[in-house]
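Participant: I would like to see how this sequence folds:
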Amino acid sequence: MPLSRSLSMTSLNGLPQWEDEDLPVEDLLLFEVSWEVTNKVGGIYTVIQTKAKITVDEWGENFFMVGPYYDHNVKTQVELCEPPNPAIKKAMDALRSNGCQVYFGRWLIEGSPYVVLFDIGAAAWNLDRWKGEFWDAAGIGLPFHDREANDSLLFGSLTAWFFKELTDQFQGTPSIIAHFHEWQAGAGLILCRSRKLPIATIFTTHATLLGRYLCAGNADFYNNLDKFNVDKEAGERQIYHRYCMERAAVHCAHVFTTVSQITAIEADHMLKRKPDVVTPNGLNVKKFSAMHEFQNLHSTNKVRLQEFVRGHFYGHLDFNLEKTLFFFIAGRYEFMNKGADIFLESLSRLNFLLRVHKRDVTVVVFFIMPAKTNNFNVETLKGQAIRKQLWDTAHSVKEKFGKKLYDALLKGEIPDMNKILDRDDFTIMKRAIYGTQRQSLPPVTTHNMLDDSTDPILSNIRRIGLFNSRTDRVKVIFHPEFLSSTSPLLPMDYEEFVRGCHLGVFPSYYEPWGYTPGECTVMGIPSVTTNLSGFGCFMQEHVADPAAYGIYILDRRFRSADESCNQLTQFMFGFCQQSRRQRVIQRNRTERLSDLLDWRYLGRYYMHARHLTLSRAFPDKFKMDPTAPPQTEGFRFPRPSSVPPSPSVSVHSTPHHSDEEEEDDEERYDEEEEAKKDRQNIKGPFTGGEVPHGEYGSGELQH
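Facilitator: Numbers count the residues shown, from 1 in each chain. So this is what the prediction gives:
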């Protein structure tokens, strides 16, 4: 591979360098097939969008993405053009001459990858014929009423047809790798294999179909993985045909991958095949030139959140905002899967602890989960209007005060403070103060909910009694809408909001990967995750003491719900006991983990999967030593060399400790020195013991 296209790990501070796998990219074509290419549906969109740049850097003009054509998406995201590869143009023309619509262009994201888009609607007249062909090939029948499954078959049939036209033009060179994501793209893989097309195939499941349905139905999923009758469960949920498509794609693929160790265990039981490679999800990490720039962003955005809180809690603002911590949970509104049930119960217990210990810390918790609403809450909008009015009143009085003070000083006089403000000024200020009085408690939700009485979050808030009363040390704000910088209520986008918070809490029960805690880590914000999420498992493998780096991993696999609640409560209570300096230290450590989540590091897992599929599809042309250790072995961050910020170690047993003690601690900590030691320590690979029986090691799963 030419140097210009190889990836260097030297830019990732502290992470080990690795050897290139020497794939002859010039003699290969890579296609990545997904329903979410230019078409945002869920988290897979984030995966393929963020990974595009490093893939283009490696493969250049030989990388293409394949997805469905939707006019509204193409108009805003794609620059249509002619394909530079004549073979691809000829294959597209073959489909067009048979009445199908195919589009080619550049996806306007970082890396600007080429995309091939199939118009599903324009090919719908082939559906019945293609259903018959799919039945003949795989023995899977699709019901007419399942629109999503029918669209997936149309997409898969067009993809397989395109690959057939393409491979017919080649005589073995270039070789083609086709990487299919999720069951919606699985039909294309099944048809390619049944027609014996000379293509090396990879199939990635980001979450098993049946696993999602079982967890959504509140099943005790992880304790009964080996007990489920998968065919029966899929049939009862009327998704047997989808399940068969997913399982057939898994077994047809040369290489099967999934995104995390916990999902690998799930896939082994649900889909009856162990993944060959685990390919964790990454992000495009952008480092600031100044080490503490992300700390400045935290301070700036925290001030904006404080302004919102001033308005929301007007008339009840009897807590110190400088000693207020902002926690949040965000994501799809899956009450139990996302762990909102555990979170709310733990907040009730945290509220009790803070009140009993008479801590002067207040916690404001945001729930950012989209639900059905009809408008903003009038009381919430009124609060922001009153805050703005108070601000304007204070500024007008300040200007008058400043002018009179200025005039007096010019005359060489010390002004009489009793006369510098007149009666009208006092009247205006008193009127503003009276305007902040309210008879009701600050609202729990910022919008009018359509299903207020049955909403799971609101029902549980009523059960635990967190109504934002004056005595509560934990305040709750439910924002049932995704954040936007154009909102009249909380004008911040998601990144700004996260940077302004102190802790993200994601106690998910079912989370195959979990981008939300990963995004927190990249922004230097500590977070709570679980050992049932892919992100939590990944951090346990790669970080010796995750909590010291601001990654609190909640045990939801081997503990009861009540024990998990107590553990989460202790995590949050311990975080509340930290001093401001300790939180700054922890944010610095958290941000240093961002290299682990960079696609420049995690891209190696995909490279290994591609090398493996070529060696299996074309064993005569591509060799891979099956006994050699994979290039994707994990590396482990050591425990920080300085005293960890855990209150159990670095804070005295009494909640009240002196300023002198904090000053002594500050003398012992040198951020530059600690970062230097971490970079030196991280360079060696982690050589742990053998993986316990029944659990998978990092990088590659054993057959």
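Participant: Quickly note the distance from the spatially closest residue to residue 116 that is not a sequence neighbour to residue 259.
Facilitator: Take residue 116 and drop its neighbours on the chain: the residue closest to it by CB to CB, 6 or more residues apart in numbering is residue 66, 4.9 Å away. Where C-beta positions appear, they are placed from N, C-alpha and C, glycine not excepted. Going from residue 66 to residue 259 by CB to CB, to the nearest Å gives 20 Å.
Participant: Neighbouring strands of the helix or strand hosting the residue nearest to residue 116 in the sheet, and parallel or not?
Facilitator: Element membership for residue 66, per DSSP states H and E: strand 63-68. According to DSSP bridges, strand 63-68 forms sheet pairs with strand 28-33 (parallel), strand 114-118 (parallel).
Participant: Would you mark the buried spots in whichever helix or strand comes after the shortest one?
Facilitator: Spelled out, it's strand 114-118. On the C-terminal side of strand 114-118, the nearest following helix or strand under DSSP H and E is helix 127-138. For helix 127-138, the neighbour count (16 or more other CB atoms under 10 Å) marks 127, 130, 131, 133, 134, 137, 138 as buried.
Participant: Does the fifth one touch residue 157 like I think?
Facilitator: Yes: between residue 134 and residue 157 a contact is recorded at 7.5 Å, counting by CB atoms under 8 Å.
Participant: any shared contact partners between those two?
Facilitator: 187, 191 (CB atoms under 8 Å, 6 or more residues apart in numbering).
Participant: For the helix or strand where residue 232 lies, name the packing helices and strands.
Facilitator: Following DSSP H and E, one finds residue 232 within helix 230-236. Applying 3 or more CB pairs under 8 Å, 6 or more residues apart in numbering; DSSP states H and E, we find helix 230-236 packed against helix 209-216, helix 240-252.
Participant: again, only this time at 7 Å
Facilitator: helix 209-216 (3 or more CB pairs under 7 Å, 6 or more residues apart in numbering; DSSP states H and E).
Participant: Kindly tell me how buried residue 236 is, as a neighbour count.
Facilitator: Using other CB atoms under 10 Å, residue 236 has 12 neighbouring residues.
Participant: now the helices for the stretch 401-550 of the chain?
Facilitator: 423-435, 456-464, 494-500, 515-522, 534-542 (DSSP state H, counting those that start in this stretch).
Participant: before we move on, the earlier item: quick one: which of the strands paired with strand 63-68 is nearest residue 276?
Facilitator: Ranking these by proximity to residue 276 (CB to CB) places strand 28-33 first, at 17.5 Å.
Participant: What sits closest to residue 249 if chain neighbours are left out?
Facilitator: Using CB to CB, 6+ apart and skipping the chain neighbours, the partner closest in space to residue 249 is residue 186 (3.1 Å).
Participant: Contacts only, for that neighbour.
Facilitator: 156, 180, 203, 245, 246, 248, 249 (CB atoms under 7 Å, 6 or more residues apart in numbering).
Participant: Same question for residue 523.
Facilitator: Residue 523 makes contact with 294, 498, 499, according to CB under 7 Å, 6+ apart.
Participant: Could you tell me how many residues sit around the second one?
Facilitator: Under the neighbour criterion other CB under 10 Å, residue 498 is assigned a count of 25.
Participant: same question, the first one
Facilitator: For residue 294, the neighbour count with other CB under 10 Å is 20.
Participant: How about residue 402?
Facilitator: 11.
Participant: what are the ranges of the helices in the stretch 201-350 of the chain?
Facilitator: 209-216, 230-236, 240-252, 261-270, 293-312, 340-356.
Participant: what's the distance between the first one and the middle of its chain?
Facilitator: So that's helix 209-216. Here helix 209-216 is found 19 Å from its chain centre; the criterion is CA atoms, centre = their mean, to the nearest Å.
Participant: What are the buried residues along that helix?
Facilitator: The neighbour-count check on helix 209-216 (16+ other CB under 10 Å) flags 209, 210, 211, 213, 214, 215 as buried.
Participant: relative to helix 240-252, how tilted is it?
Facilitator: 130 degrees (axes from the mean of the first three to the mean of the last three CA atoms, to 10 degrees).
Participant: For helix 209-216, which outside residues touch it?
Facilitator: So helix 209-216 is in contact with 183, 221, 230, 233-234, 237, 239, 242-243, 246, 266, 270, 334, 337, 509-510, going by CB under 7 Å, 6+ apart.
Participant: Could I get the contacting residues of the residue minimising distance to the centre of the chain?
Facilitator: Centroid-nearest residue in the chain, with CA atoms, centre = their mean: residue 515, separated by 1.5 Å. The contact partners of residue 515, by CB under 7 Å, 6+ apart, come to 43, 46, 281.
Participant: List just the nearest of the residues you listed to residue 406.
Facilitator: Nearest to residue 406 among the contacts of residue 515, with distances taken as CB to CB, is residue 46, at 54.9 Å.
Participant: What is the neighbour count of the closest one?
Facilitator: 17.
Participant: Columns pLDDT on top of the buried residues of helix 127-138, output as JSON lines?
Facilitator: Converted to JSON lines, the buried residues of helix 127-138 look like this (pLDDT from 0 to 100):
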{"residue": "127", "pLDDT": "96"}
{"residue": "130", "pLDDT": "97"}
{"residue": "131", "pLDDT": "97"}
{"residue": "133", "pLDDT": "96"}
{"residue": "134", "pLDDT": "97"}
{"residue": "137", "pLDDT": "95"}
{"residue": "138", "pLDDT": "95"}
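Participant: follow-up on the earlier one: so which of the strands paired with strand 63-68 comes closest to residue 565?
Facilitator: Going by CB to CB, the one of the strands paired with strand 63-68 nearest residue 565 is strand 28-33, 41.1 Å.
Participant: Could I get the CA-only coordinates of stretch 504-512 as CSV?
Facilitator: Backbone C-alpha positions of stretch 504-512 (Å, rounded to 0.1, in the frame of the first residue of the first chain) are rendered in CSV as follows:
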residue,chain,number,x,y,z
GLY,A,504,-23.7,12.1,31.7
VAL,A,505,-25.6,9.1,33.1
PHE,A,506,-26.5,6.2,30.7
PRO,A,507,-27.4,3.1,32.8
SER,A,508,-28.6,1.2,29.8
TYR,A,509,-29.9,-2.4,30.0
TYR,A,510,-29.7,-2.9,26.2
GLU,A,511,-27.0,-0.9,24.4
PRO,A,512,-25.0,-2.8,21.8
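Participant: who touches it?
Facilitator: Outside stretch 504-512, the residues touching it (CB under 7 Å, 6+ apart) are 206-207, 211, 215, 221, 259-260, 263, 327-329, 336-339, 342-343, 498, 514, 516-517, 520, 525, 527-530, 532-534, 554, 556, 568.
Participant: And stretch 428-444, by the same measure?
Facilitator: Stretch 428-444 is contacted by residues 312-316, 377, 379-380, 386, 389-390, 393, 397, 458, 461, 467-469, 476, 478 when judged by CB under 7 Å, 6+ apart.
Participant: at 6 Å instead, please
Facilitator: Residues outside stretch 428-444 that contact it (CB atoms under 6 Å, 6 or more residues apart in numbering) are 312-316, 377, 379-380, 386, 390, 393, 461, 467-469, 476, 478.
Participant: Go ahead and build a ChimeraX selection from the buried members of the residues you listed.
Facilitator: Under the burial definition 16+ other CB under 10 Å, those of these that qualify are selected in ChimeraX by:
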select :312,313,314,316,377,379,380,386,390,393,461,468,476,478
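Participant: Tell me where the model's unsure across the stretch 601-703 of the chain.
Facilitator: Residue ranges of the stretch 601-703 of the chain with pLDDT under 70: 625-636, 641-703.
Participant: The closest residue to residue 333 other than its chain neighbours: neighbour count?
Facilitator: Spatial nearest neighbour of residue 333, excluding adjacent residues (CB to CB, 6+ apart): residue 369 at 4.3 Å. Neighbour count for residue 369, taken as other CB under 10 Å: 21.
Participant: go on, residue 408?
Facilitator: Number of residues near residue 408 (other CB under 10 Å) recorded here: 15.
Participant: Retrieve the pLDDT associated with it.
Facilitator: Reported pLDDT at residue 408 in the predicted model: 84.
Participant: roughly how far apart are it and residue 420?
Facilitator: Residue 408 is 8 Å from residue 420, by CB to CB.
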